[in-house]
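Q: Would you be able to build a 3D model of this:
(chains A and B)
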Amino acid sequence: KNEVEQSPQNLTAQEGEFITINCSYSVGISALHWLQQHPGGGIVSLFMLSSGKKKHGRLIATINIQEKHSSLHITASHPRDSAVYICAVRLGNQFYFGTGTSLTVIP
Amino acid sequence: DVKVTQSSRYLVKRTGEKVFLECVQDMDHENMFWYRQDPGLGLRLIYFSYDVKMKEKGDIPEGYSVSREKKERFSLILESASTNQTSMYLCATRGRSRDTQYFGPGTRLTVL
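A: As a prediction, the model looks like this:
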């Protein structure tokens, strides 16, 4: 069962490019999260969304509840943005995770 | 800042050994989770606990058990380790009224 689907699985970009990662989900949710995982394993929460759009620095996250779809955008990408980005949805007390998008930004 | 620590970053065990992975949090969070992360499969929930001595099975509890004797500590136990339990194990916590999960640094377990 894949409650959460992400695309693309892998992404390579040149420094400065605009990046979009997509997430689709199939269940009714309380909230959607975007997470970042750097090499070595640590995961940090970037955004929690239940509607609309949020911006933090060069990162923008949007969600369309009717279409069950969210996007994470990175403007002016930088090599330090290289990481795995994971979409997760909360349903009740449980979280369901996408398989992640591995982003590499080349200088 | 929330701090979630895990007992080991890297662990190598032999098939059949009993393995303990420990997670400690300092934020008085009610909810604690154990996940495993495998390439192409993402994070999968093994067990979670919403209070001391309370536990619920997640999606893949087979071969695992858990213990939560104190609020700050949630242990994952592999009763008899097998090679298919080689994985990255991640602990997470969440407060009752909050939505964000906070993750530990992970334990990469190899079972030979």
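Q: Any figure for the gap between A:Val105 and chain B?
A: 21 Å (C-beta to the nearest C-beta, to the nearest Å). Quick note: C-beta positions are derived from backbone N, CA and C, even for glycine.
Q: and the residue nearest to B:Gly16 when sequence neighbours are not counted, what is it in contact with?
A: Spatial nearest neighbour of B:Gly16, excluding adjacent residues (C-beta to C-beta, 6 or more residues apart in numbering or on different chains): B:Ser80 at 5.3 Å. Neighbour list for B:Ser80: B:16-18, B:63 [criterion: C-beta atoms under 8 Å, 6 or more residues apart in numbering or on different chains].
Q: In three-state terms, label the residue in chain A that chain B sits nearest to for me.
A: Closest to chain B within chain A is A:Gly41: 3.4 Å, counting by C-beta to the nearest C-beta. For A:Gly41, the assignment made with DSSP: H, G, I helix; E, B strand; the rest coil gives coil.
Q: For it, which residues are in contact?
A: Counting by C-beta under 8 Å, 6+ apart, A:Gly41 touches B:9, B:88, B:90, B:105-106, B:108.
Q: What is the nearest of those residues to chain A?
A: Nearest to chain A among the contacts of A:Gly41 is B:Gly106, at 3.4 Å by C-beta to the nearest C-beta.
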